[in-house]
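In: Give the three-dimensional model of this entry:
(2 chains)
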There are 2 protein chains.
Amino acid sequence: MTIEKIGILHPGAMGISVAAAAQNSGHTVYWASAGRSPHTQARAEQHYLVDGQSLAALCHTCTILISVCPPHAAEEVAQQVLAHRFTGLFLDANAIAPQRTRRIGEMLVAGGVSFVDGGIIGGPAWQPNSTWLYLSGPEAERVAGCFANGPLETQIIGEEIGKASALKMCYAAYSKGTSALLAAILGTAESLAVRSELMQQWQRDDPTFPAQTENRVRRVTAKAWRFAGEMEEIAATFAAAGLPDGFHLAAAEIYTRLADFKEQEEVPALTTVLAALLHHSQNNQTSERKVTG
Amino acid sequence: MTIEKIGILHPGAMGISVAAAAQNSGHTVYWASAGRSPHTQARAEQHYLVDGQSLAALCHTCTILISVCPPHAAEEVAQQVLAHRFTGLFLDANAIAPQRTRRIGEMLVAGGVSFVDGGIIGGPAWQPNSTWLYLSGPEAERVAGCFANGPLETQIIGEEIGKASALKMCYAAYSKGTSALLAAILGTAESLAVRSELMQQWQRDDPTFPAQTENRVRRVTAKAWRFAGEMEEIAATFAAAGLPDGFHLAAAEIYTRLADFKEQEEVPALTTVLAALLHHSQNNQTSERKVTG
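Out: Sure thing, here's the model as predicted:
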């Protein structure tokens, strides 16, 4: 087995578990501390990642780079890697539309970089059989080898760049799309004074559904700031496939209204979440009135 | 107990079960055969509904009229009843936005008709504890009395016209909204060649989910022609509450693309449903190209 020198961009909650899985399979994992938060620093030190300091150094040292970042940053990370003349293998494991993945891939391949498309489904990968890294592209096998011992599971689904991204988009379209839909429904029901009646009817259908729904809506708030961008990627994916993009543009709007819960200390009460959804719209209506008045 | 003379407009699959429940509580139920299909005729005869022949006759004879029709027809039915100088109690039990229900109610009350808002949740009401008629309005009690012996269940949720409609909208926003979302996701996955991989990942989460989803998407096609209008009503409900209408405008588009399955003899194969979703968009793209070319 080749021992790879893997650079992880960047070790957030998901990225650090990917890094740990690569270490678990005998590889050396690097990160670049320049400009990163104390939280990220602490995570990287706790898991003994090698600090290459700068992205430039990682591009020089590493044989493989893995990009795990919010969707809006994916293209910029790839551009930076190219600017630093990386010539190894680049895995984009971000939640982005397949057409964007193909664009990034073409750019990198033209610059002499090998490219693999990845899509991660599941939470941070600390248990076997819980988180899948789907891979597509001619060199997917080499990436799968980085995680041979788990607990991150890998599955190669083809040679075509864009397939792993497409699968991730379709999966998140339901899981994160319905969380946003449920938040919007509860906001509407609250506004129309039928929330308790709706919960009662849901209870009649399935006794576990009301509590599950309340939990989903309250807990999704912490991640809403980065889900908005992912919803826009899904909308673009649907549009490119010839299907309506409205579900996920609406979901993006819901997550945008909840973005301020990013720095919360505790999971907010449901009424606080619904107030944020509804108050936001009141603010908008007020400002619209000002513009037209 | 007052024995009511109830006119049902019109006895479709849901309406006939509402009629039978009223008979089961000792009331006499009328219908108007003029202009109705042989299917409706057969249903009405099978359940011994009294044929008042015309809407005009029903408006003269009946003490209560119940409107159960596709959303787009709700306002016209109410206008016709007013034109025929009905002076009893009118229940609108349709899936329409609360603001539309209020408009219909104000029109009828101004014309001397008593008005109750209703929303039906569940399928045709042949079993107890399966279908709820939610009611709101000052005279809701009298309508509830029409179904005292079940199996249609009733629940009064307030005096305000619009509340029963609001509850129906919020409930259907999830049940019918997610059926449309799942159809759109499977269409996108089919187009991007990741449908079997998506089904496999769903299977990992919940072994029952892929088959349930396939069934939902195949079976919803028969009702798609009338769900499109209901989705537009839900979109209007969300917009009036200050929340994004995009989820259900997209759902309306999905159901519109599936509307031709109305007259199907058998439940279509999933691939047939997805082809209809995707072929429709190809047609659109072709015609757009023609317009701009």
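In: what about A:Thr272, which SS state?
Out: The three-state label given to A:Thr272 by DSSP: H, G, I helix; E, B strand; the rest coil is helix.
In: quick one: contacts for it?
Out: Shown in contact with A:Thr272 (C-beta atoms under 8 Å, 6 or more residues apart in numbering or on different chains): no residues. C-beta: built from backbone N, CA, C; applies to glycine.
In: same question, A:Ile254
Out: Contacts for A:Ile254 (C-beta under 8 Å, 6+ apart) come out as A:180, A:183-184, A:224, A:277, B:243-244.
In: rerun that using 6 Å as the cut-off
Out: Counting by C-beta atoms under 6 Å, 6 or more residues apart in numbering or on different chains, A:Ile254 touches A:180, A:183-184.
In: A:Tyr134 belongs to a helix, doesn't it?
Out: No: A:Tyr134 sits outside any helix when classified using three-state DSSP, being strand.
In: I'd say it and A:Ile157 touch.
Out: Yes: contact status for A:Tyr134 versus A:Ile157: in contact at 5.5 Å, counting by C-beta atoms under 6 Å.
In: The residue nearest the centre of chain A sits in which helix or strand?
Out: Central residue of chain A (C-alpha atoms, centre = their mean): A:Ala95, 4.9 Å from the mean position. Assigned by DSSP states H and E, A:Ala95 belongs to neither a helix nor a strand.
In: Also A:Ile16?
Out: Applying DSSP H and E as the criterion places A:Ile16 in helix A:13-24.
In: try A:Leu278
Out: Here A:Leu278, judged by DSSP H and E, is contained in helix A:270-292.
In: Sketch out the helices for the stretch 51-200 of chain A, chain order is fine.
Out: Using DSSP state H, counting those that start in this stretch, the helices assigned to the stretch 51-200 of chain A run over residues A:55-61, A:74-83, A:98-110, A:140-144, A:163-191, A:195-205.
In: Show residues contacting the second one.
Out: So the one you mean is helix A:74-83. With contacts defined as C-beta under 6 Å, 6+ apart, helix A:74-83 is touched by A:9, A:55, A:59, A:67, A:69, A:94, A:96, A:104, A:108, A:111.
In: and that helix, which residues are buried?
Out: A:74-75, A:77-78, A:80-82 (16 or more other C-beta atoms under 10 Å in any protein chain shown).
In: Can you get me the centre-to-centre distance for it and its chain?
Out: Relative to its chain's centre, helix A:74-83 lies at 17 Å (C-alpha atoms, centre = their mean, to the nearest Å).
In: what do you get for the fourth one?
Out: Relative to its parent chain, helix A:140-144 has a centroid offset of 21 Å by C-alpha atoms, centre = their mean.
In: Can you name every helix or strand that that helix contacts?
Out: Other helices and strands packing on helix A:140-144, by 3 or more C-beta pairs under 6 Å, 6 or more residues apart in numbering or on different chains; DSSP states H and E, are strand A:153-156.
In: Against A:Lys163, how distant is the residue nearest to the centre of chain A?
Out: 14 Å (C-beta to C-beta, to the nearest Å).
In: just A:Gln80 next, same as before
Out: The value you get for A:Gln80 to A:Lys163, if C-beta to C-beta is used, is 25 Å.
In: got it, and A:Ala57?
Out: Counting by C-beta to C-beta - A:Ala57 and A:Lys163 are separated by 32 Å.
In: Comparing these two, which residue is more hemmed in?
Out: Set side by side, A:Ala57 and A:Lys163 show more neighbours around A:Lys163, with 25 against 16, by other C-beta atoms under 10 Å in any protein chain shown.
In: Ignoring the adjacent residues along the chain, who's closest to the more buried one?
Out: A:Ser136 (3.9 Å; C-beta to C-beta, 6 or more residues apart in numbering or on different chains).
In: shouldn't that neighbour be in contact with A:Gly118?
Out: No: if you go by C-beta under 6 Å, A:Ser136 and A:Gly118 don't touch, sitting 8.0 Å apart.
In: burial of A:Thr2, as a residue count?
Out: Neighbour count of A:Thr2, defined by other C-beta under 10 Å: 10.
In: picking up where we left off before, same for chain B: which of the contacts of A:Ile254 are within range?
Out: Among the contacts of A:Ile254, the residues within reach of chain B (C-beta under 6 Å from any C-beta of the partner chain) are A:Ala184.
In: When you filter the contacts of A:Ile254 down to buried only, what's left?
Out: Taking 16+ other C-beta under 10 Å as the criterion, what is buried in these is A:180, A:183-184.
In: If we only consider those residues, which is nearest to chain B?
Out: Proximity of the buried ones among the contacts of A:Ile254 to chain B was ranked by C-beta to the nearest C-beta; the top entry is A:Ala184 with 4.9 Å.
In: gap between that closest one and B:Ser136?
Out: Counting by C-beta to C-beta, the gap from A:Ala184 to B:Ser136 is 22 Å.
In: A:Val194 now?
Out: The gap separating A:Val194 from B:Ser136 is 9 Å, by C-beta to C-beta.
In: And for A:Ala93?
Out: Distance from A:Ala93 to B:Ser136, by C-beta to C-beta: 51 Å.
In: Share the number of residues neighbouring A:Met1, please.
Out: Using other C-beta under 10 Å, A:Met1 is surrounded by 8 other residues.
In: before we move on, what about A:Gly88?
Out: 20.
In: which residue sits closest to it, ignoring its sequence neighbours?
Out: The nearest residue in space to A:Gly88 (C-beta to C-beta, 6+ apart) is A:Thr63, at 4.7 Å.
In: Quick check: phi and psi at A:Glu159.
Out: With angles defined as degrees, to the nearest 10, A:Glu159 sits at phi -90, psi -10.
In: right, and it touches A:Pro138 too?
Out: Yes: taking C-beta under 6 Å as the definition, A:Glu159 is a contact partner of A:Pro138 at 5.4 Å.
In: Would you agree A:Ile8 falls within a strand?
Out: Yes: using three-state DSSP, the secondary structure at A:Ile8 is a strand.
In: Look up how far A:Ala32 lies from it.
Out: As judged by C-beta to C-beta, A:Ile8 and A:Ala32 stand 9 Å apart.
In: between those two, which one's more packed in?
Out: Neighbour count, other C-beta under 10 Å: between A:Ile8 and A:Ala32, A:Ile8 has more, with 27 against 22.
In: show me the contacts for the closest residue in space to that one that isn't next to it in sequence.
Out: Spatial nearest neighbour of A:Ile8, excluding adjacent residues (C-beta to C-beta, 6+ apart): A:Ala19 at 4.7 Å. Applying C-beta under 6 Å, 6+ apart, we find A:Ala19 in contact with A:8, A:11, A:29, A:49.
In: on that earlier part again, who touches both of A:Val194 and B:Ser136?
Out: Common contact partners of A:Val194 and B:Ser136 (C-beta under 6 Å, 6+ apart): B:Lys163.
In: These two: who's more crowded?
Out: The neighbour count for A:Val194 versus B:Ser136, taken as other C-beta under 10 Å, is higher for A:Val194 (29 against 26).
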